[in-house]
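In: I would like the atomic coordinates for the input below:
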Amino acid sequence: MSSAYGLLGFKKRVNILKKVKVDGSWKLCPAVVEPNGKLQDKVKVSGRTETHPEGVYYLEWRENGKRMRESVRNRGEVVKRARLRALQLDPEEEKDSRRKTATSTADQPQVVDTPMLPLPVTADFSTTPAHPTAVAHLVFQAIESYIQHVARTAVAAPTKLPTIGEDSNHQQLPAEPVRIDGHSSQTARMQPPPQREAKNELATRKTTVAHAVESYLRDIEPPQREEKTYKSYRSTLHLFRDTCKKRHVEDITRDDCLAFVRHLYSIGNGPRTAHNRLTVVLQLLKLHGMTGLVKGRDKPKYVGKVREMYQAEDLEALFKACGPDEKVRYLFFLLTGERDKEVQHTAWSDIDFERQCARVTEKKALGFKPKDKEEREIPVPIALLDTLKEYRSRQTGSNPHNLVFPTSNGRPDKKFENKLKQITYRNGLNCGYCKTRHKHECSSGPYCAKWFLHKFRHTFATAALENGASIRTVQEWLGHSDLESTMAYLKYVRRKDIHRLVDGSQLAGFITPSAPKSNTKCSPKRAASEKRPRLLMPHADARL
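Out: I've put the predicted structure just below:
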């Protein structure tokens, strides 16, 4: 196992591990340290060396007989943290280091009197408090750096090396506090490392696109997000990772985002899909402080489609083609407005025959949570409750979770929409001219876009608004987290007397059957006046 013992020469063992995904589960595996002392995302899995860019590094050690672990997000800081942790665990190493430093100083060649040089600060205690031993080690590192630099510029003239806190004339310099991640220490004046080292350190602090994607996906893994949502995000972010030309997130610009949109169009995505996928990428970039890259005009524009609803003749034809149990199932969709997954997980305990309502509740045993984490109840007609009672009396088979519409083995049924399309295809209810995105024609199979489950929900919401339910009430029934989602249905709501008002308006009077020709002759002036229509003011009651 990779440890600070073999790499750094300390007596106390500090293991370097990495949590990676192996066969679908997360495991802690020993990290492989390169000969140059760096990490390249390689780990040992069952004795084999594998590369895993995903996951987080951990330091592992024992303290007072207890196993301790500490996560390190930045790969470039892992070895450095292991060194500091080993120093904290074994204070004797600090004494040995001091003796070695003194010995090496005595062996140095005589050099000319040189002004005090800036000493680099390389320690980082972003997650570990400043321990006195670690601070002392920092000073010793600075001494070694100074001695090596002076040795490279050595000349023949002998002189005494200046010590920390003295200038070339052996006068004491005022000590200044050095901030180390919130901890101050009275040490010698220290300045940042040379320019080349500063650039390398900045590069190690950057986050690669691959690491950012894996970290974000790990944060939204189910049950944090729905399985369907997670898979959609994963597909989008992996596509962005594979097509982005920038290695680090901090280097991504507006041009990279627009290039991703152009790639989406090139592989056949429509404007709406491209808009949604770009939104997912922007969410990832926002977590890393990259905001304002894309303006409103840069996002793909798409046409807002009309919410489709089932007409009365469509529903009559459907329920006539259904069997008894199938009819109950799709009547439940129509009269509750529930989502597909909510109907799948509806139990008999959610049907309240006394209060005449159906509820959407959490099912921990099945891993189901209502969307937006809000339970709700929906009033239903008495006729539906009577139909459900009859359906329950003839329900057979295993049903360990007491579901209303289970599969044959008692699990939630995930094929309600496929079954709906099969029913309509068998009974000749397909439209006959539409095609799926995979070029399947509805005239040759159960692929008709006219029939889908969410259309029942659209029909329920529009009918409720037309029958006088308030917009707030319908919002609660549908389980919308914001009113804007429910207001989308208002544009399809029509007053019950709207057709009487439209047909009775004076404007509709322009559409009249042509009068039969008459043999009676009239003057050209009169004939011209009769052909010219007269625009009359509509009746006071006929307001559109």
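In: quick check: bridge partners of Thr208?
Out: His248 (DSSP bridges).
In: ok, it touching Asp41?
Out: No - the criterion here is C-beta atoms under 8 Å, and Thr208 misses it with Asp41 at 9.6 Å. C-beta coordinates here come from the backbone N, C-alpha and C atoms, glycine included.
In: need the overlap of contacts for the two.
Out: With contacts taken as C-beta atoms under 8 Å, 6 or more residues apart in numbering, Thr208 and Asp41 have Pro53 as neighbours in common.
In: give me the distance between Arg297 and Gly289.
Out: 23 Å (C-beta to C-beta, to the nearest Å).
In: tell me the predicted confidence for His238.
Out: According to the prediction, His238 has pLDDT 95.
In: I meant to write Gly65 there.
Out: Looking at Gly65, the pLDDT reads 79.
In: one more: the one 4 residues further on?
Out: On the pLDDT scale, Arg69 is placed at 87.
In: which SS class is Lys21?
Out: strand (DSSP: H, G, I helix; E, B strand; the rest coil).
In: and for the one 10 residues further on?
Out: Secondary structure assignment for Ala31 (three-state DSSP): strand.
In: near it, how many other residues are there?
Out: 27 (other C-beta atoms under 10 Å).
In: look up how far Thr436 lies from it.
Out: 47 Å.
In: again, but for Phe405
Out: Taking C-beta to C-beta, one finds Phe405 at 26 Å from Thr436.
In: which one of those two has more residues nearby?
Out: Phe405 (18 against 12).
In: might one say that that one is in contact with Glu326?
Out: No - counting by C-beta under 8 Å, Phe405 does not reach Glu326; the two are 10.1 Å apart.
In: pop out the phi and psi values for Leu366.
Out: phi -100, psi 0 (degrees, to the nearest 10).
In: how about it, what does it touch?
Out: His345, His401, Pro412.
In: of these, which is the most crowded?
Out: His345 (22 neighbours).
In: give me the pLDDT value at that one.
Out: So His345 comes in at 96 (pLDDT).
In: check whether it really touches Lys363, as I assumed.
Out: Yes - the criterion here is C-beta under 8 Å, and His345 meets it with Lys363 at 5.0 Å.
In: what about the strands in the chain?
Out: Ranges of strands within the chain are 15-22, 25-33, 39-45, 48-51, 56-63, 66-72, 176-180, 183-187, 351-352, 357-360, 376-379, based on DSSP state E.
In: pipe these into a markdown table and attach distance to Pro271 per row.
Out: Below are the strands of the chain laid out as a markdown table (distance: least, C-beta to C-beta, whole Å):
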| stretch | distance to Pro271 |
| --- | --- |
| strand 15-22 | 34 |
| strand 25-33 | 37 |
| strand 39-45 | 37 |
| strand 48-51 | 37 |
| strand 56-63 | 37 |
| strand 66-72 | 41 |
| strand 176-180 | 51 |
| strand 183-187 | 53 |
| strand 351-352 | 42 |
| strand 357-360 | 33 |
| strand 376-379 | 33 |
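In: endpoints of stretch 350-369, how far apart?
Out: Taking C-alpha to C-alpha, to the nearest Å, the first and last residues of stretch 350-369 lie 14 Å apart.
In: before we move on, the earlier item: closest to Asn269 out of the strands of the chain?
Out: strand 15-22 (27.8 Å; C-beta to C-beta).
In: next, the angle from the closest one to strand 25-33.
Out: Angle between the axes of strand 15-22 and strand 25-33 is 140 degrees (criterion: axes from the mean of the first three to the mean of the last three C-alpha atoms, to 10 degrees).
In: show me the domain layout of the protein.
Out: Domain assignment for the chain, taken from automatic domain parsing, gives 4-88, 90-170+190-200, 209-298, 312-414+453-466, 496-512+521-544.
In: which of those domains has the lowest average pLDDT?
Out: domain 90-170+190-200 (a mean of 50).
In: next up, the contacts around Asn430.
Out: Counted by C-beta under 8 Å, 6+ apart, Asn430 has contacts Thr424, Cys442, Ser443, Pro446, Tyr447, Cys448, Lys450, Trp451.
In: quick check: the closest residue to it other than its chain neighbours vs Asp314, distance?
Out: Of all residues beyond its chain neighbours, the one nearest Asn430 is Cys448 (3.9 Å), with distances taken as C-beta to C-beta, 6 or more residues apart in numbering. Per C-beta to C-beta, Cys448 is found 11 Å from Asp314.
In: just Glu417 next, same as before
Out: Applying C-beta to C-beta to Glu417 and Asp314 gives a distance of 16 Å.
In: re the thing from before, joint contacts of Cys448 and Asp314?
Out: Joint contacts of Cys448 and Asp314 (C-beta under 8 Å, 6+ apart) are Leu429.
In: comparing the two, which residue is more hemmed in?
Out: Cys448 (23 against 16).
In: state the pLDDT value of the more buried one.
Out: For Cys448, the predicted pLDDT is 94.
In: check contacts around it.
Out: Lys421, Thr424, Tyr425, Leu429, Asn430, Cys431, Cys434, Cys442.
In: repeat that for Glu342.
Out: Counting by C-beta under 8 Å, 6+ apart, Glu342 has contacts Val360, Pro370, Lys371, Gly479.
In: now those: which count as buried?
Out: Val360, Pro370, Gly479 (16 or more other C-beta atoms under 10 Å).
In: of these, closest to Lys27?
Out: Pro370 (33.1 Å).
In: and that closest one, how far is that from His238?
Out: Counting by C-beta to C-beta, the separation of Pro370 from His238 is 29 Å.
In: just His345 next, same as before
Out: On the measure of C-beta to C-beta, His345 and His238 end up 29 Å apart.
In: same deal with Pro30?
Out: Distance of Pro30 to His238, given as C-beta to C-beta: 27 Å.
In: cool, and Arg392?
Out: 45 Å.
In: cool, Ile220 as well?
Out: On the measure of C-beta to C-beta, Ile220 and His238 end up 14 Å apart.
In: cool, and Asp503?
Out: For Asp503 relative to His238 (C-beta to C-beta), the value is 57 Å.
In: neighbour-wise, which of those two wins?
Out: His238 (14 against 10).
In: name the nearest residue to that one, sequence neighbours excluded.
Out: Nearest to His238 is Val213, by C-beta to C-beta, 6+ apart, at 6.9 Å.
In: so that neighbour makes contact with Thr236?
Out: No - using C-beta under 8 Å, Val213 makes no contact with Thr236, being 9.7 Å away.
In: which one of these two has more residues nearby?
Out: Val213 (24 against 21).
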